[in-house]
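In: Coordinates for the following, if possible.
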Amino acid sequence: MQCNVNSHYSRLTAIEVTSGRKYMQAKADTYSSYPVVLLLGIFFLLLTVNGCKQKGGPPQSDPEVAAITVHSERAVLTTELPGRTSAFLVAEIRPQVNGLIQKRLFAEGSDVNAGQVLYQIDPAPFQAALDNAIASLARAEAGLLSIRSRVERYRDLLADKAISQQDYDDASAAMKQAEAEIQFWKASVEMARINLGYTSVTAPISGRIGKSSVTEGALVTAYQPMALAAIQQLDPIYVDVPQSTTELLHLQRCLDDGRLNHDGTNQNKVKLTLEDGIAYPLEGTLQFRDVTVDPTTGSVILRVVFPNPQGNLLPGMFVRAVITEGVNEQAILVPQQGISRNPKGDPVALIVDAEDKVQQRMLTLDRAIDNKWLVSSGLNPGDRVIVEGVQKVRPGASVKVVPFDAGRKEGPAAGKTVPPSATTN
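Out: Model prediction:
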């Protein structure tokens, strides 16, 4: 019994000792965290005091923007329109007589000259027809001699009343009939000679010939629907450019209002850009503007003639023609980066007034010229348009204006550098 009591008291004492140690450890941890809490409180207090000092300090400087001063200048206005090339001359080769192709005398895809023989049709039947016509003509001419002599004798006998008037009239009619027959056979000879010449099918123009649709031994007919080949003259070459009637009327209205003039410009000179974006080195000449509007497209055709000595332009190529419209002596050009769009999509610009405050202007744009916009309305000479730093300002804000440097790629503060040591703290 005594042993059980002692063991009970021993367990209680051990539990109490363990609990006491945990309690003392918790107290020690609590007291040890007091300096950390105190340091954090002091740190936030210093931040608050520093913020109050900054609010009460001097005001920040106005944002810096780069602006240009708008001025009127002389600008040559051009229009870039799509177009397609077409051959200057096109000749489809067709036979003019019936016959058998004996020879083809050209290489497909080669350049041929006017008058060069392309096909040879069997000339034998046409030579025989010519010989027959010549013989018939000779027979008619031989018969005419005797008839003419008879008429001359009858004329003398008629004066002496030796023959009747009817005999003389019959002889005169026979002579006229023989003369008409001679004219007929002369025409037959000429026709036979022409047909014989048509057996040699020649090139009517100089140019480049395409593929042949027939081979040697083919039977052809006169004026058949299918062409034997086609020749295209490529130097010079046409460029057909459609221009909408809307653009045409706008151009005419600008000329009538005096906003455009033709002084100092050659309206007939046209430049060309090829399909790969490379400029064609030679200038073309505007030949004419069609007077009929295509009802399906609402456009008229401008035909331009370009020299093509190297044969770089081929019929059917897609190109872009740059056509000179005129000169605007009072053009206002603004860099494109200085023009933005409002939520409705209308062009706007921010300008700086005389008090160095920002104002917003609604603009009307005409077209893009290189990297600038041609402004029709909304800006006047002398206005200062913000080009760089637009994102930092709003209408009504005061700004500091610096000159715009077109060659600078960064903002107005691009010239300010920060020492490396300033970024390490």
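
In: where does L130 land in three-state SS?
Out: Here L130 is helix, with the state taken from DSSP: H, G, I helix; E, B strand; the rest coil.

In: Spatially nearest residue to it, not counting backbone neighbours?
Out: A192 (3.8 Å; Cβ to Cβ, 6 or more residues apart in numbering). Using the backbone N, CA and C atoms, a C-beta is placed for each residue, glycine as well.

In: how near is the one you found to F318?
Out: The gap separating A192 from F318 is 50 Å, by Cβ to Cβ, to the nearest Å.

In: neighbour-wise, which of those two wins?
Out: Counted by other Cβ atoms under 10 Å, A192 and F318 do not tie: A192 has more neighbours, with 19 against 10.

In: For that one, what is the enclosing helix or strand?
Out: For A192, the element it lies in under DSSP states H and E is helix 165-198.

In: Domains in this protein, by residue range?
Out: Using automatic domain parsing, the domain parsing of the chain gives 1-38, 64-75+331-406, 76-87+231-328, 95-121+200-226, 123-198.

In: Spell out the secondary structure type for A222.
Out: Under three-state DSSP, A222 comes out as coil.

In: Please disregard the earlier target; I meant L350.
Out: Secondary structure state of L350, per three-state DSSP, is strand.

In: what's the single longest strand in this protein?
Out: Of all the segments of type strand in the chain, defined by DSSP state E, the longest one is strand 72-93.

In: Output that strand as PDB - backbone C-alpha positions only.
Out: Written as PDB, here are the backbone C-alpha positions of strand 72-93 (Å, rounded to 0.1, in the frame of the first residue of the first chain):
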ATOM      1  CA  SER A  72       2.000  74.900 -94.500                       C
ATOM      2  CA  GLU A  73       4.300  73.500 -97.200                       C
ATOM      3  CA  ARG A  74       4.200  72.500-100.800                       C
ATOM      4  CA  ALA A  75       3.200  68.800-101.400                       C
ATOM      5  CA  VAL A  76       2.900  66.900-104.700                       C
ATOM      6  CA  LEU A  77      -0.200  64.700-104.300                       C
ATOM      7  CA  THR A  78      -0.200  61.300-105.900                       C
ATOM      8  CA  THR A  79      -2.600  58.300-106.100                       C
ATOM      9  CA  GLU A  80      -1.600  54.700-106.000                       C
ATOM     10  CA  LEU A  81      -4.000  52.500-108.000                       C
ATOM     11  CA  PRO A  82      -3.900  48.800-108.900                       C
ATOM     12  CA  GLY A  83      -3.700  47.900-112.500                       C
ATOM     13  CA  ARG A  84      -2.800  45.100-115.000                       C
ATOM     14  CA  THR A  85      -0.500  45.000-117.900                       C
ATOM     15  CA  SER A  86      -1.600  44.300-121.500                       C
ATOM     16  CA  ALA A  87       0.200  43.900-124.800                       C
ATOM     17  CA  PHE A  88       0.700  47.000-126.900                       C
ATOM     18  CA  LEU A  89      -0.300  45.100-130.000                       C
ATOM     19  CA  VAL A  90      -1.900  41.700-130.400                       C
ATOM     20  CA  ALA A  91      -2.200  39.800-133.700                       C
ATOM     21  CA  GLU A  92      -3.800  36.400-134.000                       C
ATOM     22  CA  ILE A  93      -2.500  34.400-136.900                       C
END
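
In: what lines up beside it in the sheet?
Out: Looking at strand 72-93 with DSSP bridges, its partner strands are strand 229-244 (antiparallel), strand 318-335 (antiparallel).

In: quick one: which of those strands has the weakest pLDDT on average?
Out: For the strands paired with strand 72-93, mean pLDDT drops lowest on strand 318-335, to a mean of 86.

In: Can you mark which positions in that one are buried?
Out: For strand 318-335, the buried set under the neighbour-count rule, 16 or more other Cβ atoms under 10 Å, comprises 319-328, 331-335.

In: Past it, which element shows up next along the chain?
Out: Per DSSP H and E, strand 318-335 leads on to strand 340-341 as the next helix or strand towards the C-terminus.

In: Serialize the strands paired with strand 72-93 to JSON lines and add fields for distance to L379.
Out: Compiled in JSON lines, the strands paired with strand 72-93 are given as follows (distance: least, Cβ to Cβ, whole Å):
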{"stretch": "strand 229-244", "distance to L379": "28"}
{"stretch": "strand 318-335", "distance to L379": "5"}
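
In: and R303, which of those is closest to it?
Out: Closest approach to R303 among those (Cβ to Cβ): strand 229-244, 5.7 Å.

In: tell me which element the closest residue in space to V220 that isn't next to it in sequence falls in.
Out: Closest residue to V220 apart from its sequence neighbours, by Cβ to Cβ, 6+ apart: P95 at 4.5 Å. According to DSSP H and E, P95 maps onto no helix or strand at all.

In: show me what contacts P95?
Out: By Cβ atoms under 8 Å, 6 or more residues apart in numbering, the contact set of P95 is 119, 121, 198, 201, 220-224, 228.

In: make it 7 Å
Out: Taking Cβ atoms under 7 Å, 6 or more residues apart in numbering, we find P95 in contact with 121, 201, 220-222, 224, 228.

In: Was I right to think V327 contacts E73?
Out: No. In this structure, V327 is not within contact of E73 by Cβ atoms under 7 Å, at 11.0 Å.

In: Tally up the residues packed near the spatially closest residue to L105 that is not a sequence neighbour, please.
Out: Excluding its sequence neighbours, the residue lying closest to L105 (Cβ to Cβ, 6+ apart) is V117, at 5.2 Å. For V117, the count of nearby residues is 14 (other Cβ under 10 Å).

In: tell me the phi and psi of V117?
Out: As for V117, its main-chain torsions (degrees, to the nearest 10) stand at phi -70, psi 130.

In: and it, what pLDDT?
Out: You'll see V117 listed with a pLDDT of 95.

In: repeat for V5
Out: Model confidence at V5, given as pLDDT, is 41.

In: Helix or strand next in line after the helix holding A192, which one?
Out: Next along the chain after helix 165-198, taking DSSP H and E as the criterion, comes strand 200-202.

In: Okay, the nearest residue to T273 once chain neighbours are set aside and I194: tell me how far apart.
Out: Once flanking residues are discounted, T273 sits nearest to R320: 4.3 Å by Cβ to Cβ, 6+ apart. In this view, R320 and I194 are 48 Å apart by Cβ to Cβ.

In: same thing with L137?
Out: 15 Å.

In: How about A159?
Out: A159 is 46 Å from I194, where distance means Cβ to Cβ.

In: again with G115
Out: Distance of G115 to I194, given as Cβ to Cβ: 16 Å.
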